[in-house]
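[1] Sequence plus the predicted model coming up.
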Amino acid sequence: KAFRHYEAAAMRGHVPARFNLGCMEFRAENDDLALQHWMIAANLGYQDALNNVKGMFMKGVATKVEYTEALRVYQCAVDE
């Protein structure tokens with residue numbers, strides 16, 4: 001039930017909800033979905049999401065290209 005609430009909030013632009021969706025997907029071993037959620041949150045300036053993408057990169061789950069993109073979009077969001 002919490003997943004549906006986070007999903008609805010994320011669709012309305014609630015960044016922590018988007019981050020939490022990524023955490024839930026990661027715990028369910030859905031790494032690709034977790035990465036997608038965290039990339040969106042990083043794009044909106046959420047540092048914890050960037051840190052999680054970095055962790056996935058360090059473990060070899062995310063690619064260098066994905067991590068570099070997360071860094072780029074995070075920096076753009078923070079600079080705005």
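    Looks like it arrived, so ask away. Predicted model, so just to flag it, every value in this text is computed and none were measured. Numbers count the residues shown, from 1 in each chain.

[2] which residues touch the residue sitting nearest the centre point of the chain?
    Centroid-nearest residue in the chain: W38, 0.5 Å away (criterion: CA atoms, centre = their mean). Neighbouring residues of W38 by CB atoms under 8 Å, 6 or more residues apart in numbering: F19, G22, A49, L50, N52, V53, M56, A70. All C-beta atoms are positioned from the backbone trio N, CA, C, and that covers glycine.

[3] Of the residues you listed, just the buried ones, PyMOL syntax please.
    Selection of buried members from the contacts of W38 for PyMOL, criterion 16 or more other CB atoms under 10 Å:
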select buried, resi 19+22+49+50+52+53+56+70
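
[4] And the contacts of W38, which is closest to D31?
    M56 (7.0 Å; CB to CB).

[5] Look at the closest residue in space to the closest one that isn't next to it in sequence and tell me its secondary structure.
    Nearest non-adjacent residue to M56, counting by CB to CB, 6 or more residues apart in numbering: A62, 3.8 Å away. Following DSSP: H, G, I helix; E, B strand; the rest coil, the label given to A62 is coil.

[6] Flag the shaky bits of the chain, pLDDT-wise.
    Along the chain, no part satisfies pLDDT under 70.
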